[in-house]
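> need a 3D model of the following:
(2 chains)
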Amino acid sequence: MKKRSLIIILLCLLFTTSCSNKQDTLTLVTEAGFAPYEYYEGGEIVGIDIDIGKEIAKEMGKKLVIKDVAFDSIISEIKTDKSDIGAAGISYTPERANEVDFTIDYMESRQVMIVKKDSPIKTSLDLTNVKAAVQLGSVADDYLTTNFPYVTITREKKFLAAIQDLKDSKVDVVVMDEIPAKKLINDDLTILPEALVTDHYGMIVKKGNTELLNKANQVIQKLKDDGTIDEIALKHMDHGERKEFKSKIVSKFYYSVIYEGRYKYIITGLKNTLLIALGAVVLGVMLGALAAIFRNIHDNTGKLKLLNLLSKCYVTVIRGTPSILQLMIIYYVIFKATNVSIVIVGMLAFGINSGAYVAEIIRAGINSVDKGQVEAGYALGLKYGQVTRKIVIPEALKNILPALGNEFITLVKETSVGAYIGILELTKASDIIASRTYDYFFPLIIIAIIYLVITLILTKLISIMEVKLNHARN
Amino acid sequence: MLEIKNLKKRFGKKVVLKDINLKVNKNDIIGIIGPSGCGKSTFLRCINLLEKPTEGQIIFHNDDIVDNTKLESTRKKIGMVFQQFNLFNNMTVLENIILAPVMHNMMTKKEATKEALRLLEEIDLKDKKDFYPNELSGGQKQRVAIVRTLIMNPEIILFDEPTSALDPEMIGEVTNLMRKIAKEGMTMLIVSHEMNFIKNFCTKVIFMSDGYILEEGTSNQIFNHPKNEKLKNFLSKINDI
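Below you'll find the model as predicted:
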């Protein structure tokens, strides 16, 4: 009964999360950690880019759907039709223009240098033999790499991490967009007046999607002409009055967890993490059991040559490649141009990944069964199937079940990779909060504690199970 | 009832059994002795095809069983008792005994349980019926293993060093049970290092060495009047201890 209700829950989830009509929606893809262009507020993604996106959607009579992925995944999102329009403070570069079409620019952006107040760096002329931090794949990254060969560049996934590097004196300077930079400086940090490079932000659409491109250009031009864009920018610039507490720690905690209901990200993240891990372990056990059974039948009877070979390939390929790569292949190649919920994609990807490990766990469990007992079964005239069912499987389960529990623990942590394709799981939740508070301390510590608690609970459950399994014999 | 002709067994390049010929008649109690590594156990395991012979014939009731498809039905009639008992660890004593007859549809579960309890009563282990193997002593395990074979009503039982893994004080309970079964007319092949037991118990003894049967005779002939030099040598080493 329990199994059946679990399957029903999973199926319901599949339908509710995957059913949305592409016709009536405009999907905007972004990376929501780049205030004021896009950031989380009260559980929603807002920002300059989002407001412009809404105007474009309104003009087209569609509903705007926002998708939050890693910055370097945005172009593939557009190319694979997973999203219609990309807006993430994306600067025009010829390389990018080769891949996608740019709208006219809607914002001018200045790439500025942030340094510590006592830094010897005063202008771009000082940028020799220094260490700089940038956001991976950003304009600053491109520009520094091309024009400043004597700068050692640290490429961080988030510009917040780049700022953290500067605060920790790991680097001497951070190069980034001026508008978000203004929100980051504090008593220790300052922005140098000189702009290293000025470039223009545009939105991106799939090459050849002229209908959307024209619409977007038309809307952007109108917003620029009537001054709405400046209003929008201003609105997003001065949000976030800070309430200060006497204790710095209390204040940090307040802003990390309570303010604007930020704990909701953690709850959603926790839910998705557990859901994906659970779905993946169910799928993984099914796939793994099949692969292990095919191989075992082949090893013992010589039948199922093809299935044995397939199983071997499956295990080898999956175990031989990183899970993040598998996730991206499944998302960007296999599920290209489909509208399946990313949580489901996550379950599939992690399930397929886990299956390979489960296959080996099961095979090892079967192989560890005392050969003598198997022989005794044969000596009594029992057939392969009977010996497997009555002797091998019950014995093997004792070894397999605890190992499967450990696999589940691994999976819970492994799901953090899902943040890469935009799944809002625990790690992503901490990222979102940090991108709003500009402080990694509480989000990371809280998430770490949650992972730890889950792991401890699971470990306890496994040890109870082990005792029960052994009890059956004692 | 059982005749082994020109039996050969190779493991890779290693030839373990070179040319084994043996006739087994009903009610024979055959002891197989020889230095370790001479192929005694392999020979026994070939008879119920746990090892597939490389060459040769095993004739059982006028049928060559080496290449036949009735493997399972042949094994039902040739029981085997192992050195390490090989009881099914996940089953109780009773479940161990009734598994095979029930799976083969020889008996209903009720009939099998009744028969198993009768046999357990005979060996004074009825009170252990719900115990798991790891709760039994070595001697008790081996006696249960013998009963597990007996319930199949086999025509021959192969004993592969049945007392080698036992503490000395437990050997008696197993050999006594074997004697009792022999009295009831069971045909047996026994590989053992318990020379006194073989000497006093077996109607026929064969001496194996280097993959051949070098001498065959009554236990009086083998132990008191050995002819083969290797056998003499083997026996003198044992008597030295």
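> pretty sure A:Ala132 is in a strand, no?
Yes - counting by DSSP: H, G, I helix; E, B strand; the rest coil, A:Ala132 is found in a strand.
> check contacts around it.
A:Leu144, A:Phe148, A:Val151, A:Thr152, A:Ile153, A:Thr154, A:Val171, A:Asp172, A:Val173, A:Val174, A:Val175 (Cβ atoms under 8 Å, 6 or more residues apart in numbering or on different chains). In short, each C-beta sits where N, CA and C put it, glycine included.
> can we see that at 6 Å?
A:Leu144, A:Val151, A:Ile153, A:Val171, A:Val173, A:Val175 (Cβ atoms under 6 Å, 6 or more residues apart in numbering or on different chains).
> distance to chain B and secondary structure added to those residues, as TSV?
As requested, those are exported to TSV (distance: Cβ to the nearest Cβ, whole Å; DSSP: H, G, I helix; E, B strand; the rest coil):
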residue	distance to chain B	secondary structure
A:Leu144	64	helix
A:Val151	64	strand
A:Ile153	60	strand
A:Val171	61	coil
A:Val173	67	strand
A:Val175	65	strand
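> looking at the chain, which helix is longest?
Let's take chain A. Under DSSP state H, the helix in chain A containing the largest number of residues is helix A:263-301.
> switch to chain B, please.
helix B:168-183.
> in terms of secondary structure, what does it contact?
In terms of contacts (3 or more Cβ pairs under 6 Å, 6 or more residues apart in numbering or on different chains; DSSP states H and E), helix B:168-183 is packed against helix B:138-150.
> same thing but at 10 Å, please
The helices and strands touching helix B:168-183, judged by 3 or more Cβ pairs under 10 Å, 6 or more residues apart in numbering or on different chains; DSSP states H and E, are strand B:29-33, helix B:138-150, strand B:156-160, strand B:187-191, helix B:195-201.
> next, the angle from that helix to strand B:29-33.
On the basis of axes from the mean of the first three to the mean of the last three Cα atoms, to 10 degrees, helix B:168-183 is oriented at 140 degrees to strand B:29-33.
> need the CA coordinates for helix B:168-183. CSV is fine.
Output of helix B:168-183 as CSV, limited to C-alpha atoms (Å, rounded to 0.1, in the frame of the first residue of the first chain):
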residue,chain,number,x,y,z
PRO,B,168,36.6,-33.2,18.3
GLU,B,169,33.9,-33.7,20.9
MET,B,170,31.2,-33.3,18.3
ILE,B,171,32.5,-35.7,15.7
GLY,B,172,30.8,-38.6,17.5
GLU,B,173,27.3,-37.3,17.2
VAL,B,174,27.7,-37.0,13.4
THR,B,175,29.4,-40.3,12.8
ASN,B,176,26.8,-42.0,15.0
LEU,B,177,24.0,-40.5,12.9
MET,B,178,25.8,-41.8,9.8
ARG,B,179,26.1,-45.3,11.2
LYS,B,180,22.4,-45.2,11.9
ILE,B,181,21.6,-44.2,8.3
ALA,B,182,23.9,-46.9,7.0
LYS,B,183,22.1,-49.5,9.1
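> mean pLDDT and distance to A:Thr427 added to the helices and strands packed on helix B:168-183, as JSON lines?
Shown next, in JSON lines, are these (pLDDT from 0 to 100; distance: least, Cβ to Cβ, whole Å):
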{"stretch": "strand B:29-33", "mean pLDDT": "95", "distance to A:Thr427": "67"}
{"stretch": "helix B:138-150", "mean pLDDT": "95", "distance to A:Thr427": "53"}
{"stretch": "strand B:156-160", "mean pLDDT": "95", "distance to A:Thr427": "58"}
{"stretch": "strand B:187-191", "mean pLDDT": "95", "distance to A:Thr427": "63"}
{"stretch": "helix B:195-201", "mean pLDDT": "91", "distance to A:Thr427": "69"}
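> can you give me the strands in the stretch 101-250 of chain A?
Applying DSSP state E, counting those that start in this stretch to the stretch 101-250 of chain A gives strands spanning A:107-116, A:130-135, A:151-156, A:173-177, A:189-206.
> pipe these into JSON lines and attach mean pLDDT per row.
Shown next, in JSON lines, are the strands of the stretch 101-250 of chain A (pLDDT from 0 to 100):
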{"stretch": "strand A:107-116", "mean pLDDT": "88"}
{"stretch": "strand A:130-135", "mean pLDDT": "90"}
{"stretch": "strand A:151-156", "mean pLDDT": "86"}
{"stretch": "strand A:173-177", "mean pLDDT": "90"}
{"stretch": "strand A:189-206", "mean pLDDT": "88"}
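> low-confidence stretches in chain A?
Applying pLDDT under 70 to chain A flags the ranges A:1-22, A:237-246, A:337, A:471-474.
> contacting residues for the residue nearest the centre of it?
When Cα atoms, centre = their mean is applied to chain A, the residue found nearest the centroid is A:Ala419 (1.1 Å). By Cβ atoms under 10 Å, 6 or more residues apart in numbering or on different chains, the contact set of A:Ala419 is A:68-70, A:157, A:269, A:425-432.
> apply 8 Å and report the result again.
Contacts of A:Ala419 by Cβ under 8 Å, 6+ apart are A:Ala70, A:Glu425, A:Thr427, A:Lys428, A:Asp431.
> those in strands, which ones?
Of those, none are assigned to strands by DSSP state E.
> ok, of the residues you listed, which one's closest to chain B?
Checking these against chain B by Cβ to the nearest Cβ gives A:Glu425 as the nearest, at 38.9 Å.
> ok, how many other residues are close to the closest residue to chain B within the stretch 151-300 of chain A?
At 13.6 Å from chain B, A:Asn300 is the closest residue in the stretch 151-300 of chain A, using Cβ to the nearest Cβ. A total of 14 residues lie near A:Asn300 under the criterion other Cβ atoms under 10 Å in any protein chain shown.
> for the one 4 residues further on, same thing?
If you count neighbours by other Cβ under 10 Å, A:Leu304 ends up with 17.
> now swap in B:Lys40 and tell me
Per other Cβ under 10 Å, the neighbour tally for B:Lys40 reads 25.
> could you report the neighbour count for the closest residue to it other than its chain neighbours?
Residue nearest to B:Lys40 in three dimensions, not counting chain neighbours: B:Val191, with 4.5 Å by Cβ to Cβ, 6 or more residues apart in numbering or on different chains. By the measure other Cβ under 10 Å, the count of residues near B:Val191 is 24.
> whatever residue of the stretch 201-350 of chain A ends up closest to chain B and B:Ser137, how far apart?
Relative to chain B, the nearest point of the stretch 201-350 of chain A is A:Thr301 (12.4 Å; Cβ to the nearest Cβ). A:Thr301 is 37 Å from B:Ser137, where distance means Cβ to Cβ, to the nearest Å.
> same question, A:Val171
Counting by Cβ to Cβ, the gap from A:Val171 to B:Ser137 is 72 Å.
> between those two, tell me which one has more neighbours.
A:Val171 (23 against 14).
> and chain A, which of its residues are near chain B?
Proximity of chain A to chain B (Cβ under 8 Å from any Cβ of the partner chain) is limited to residues A:370, A:372-373, A:375-383, A:386, A:390-391, A:394-395, A:398, A:472-474.
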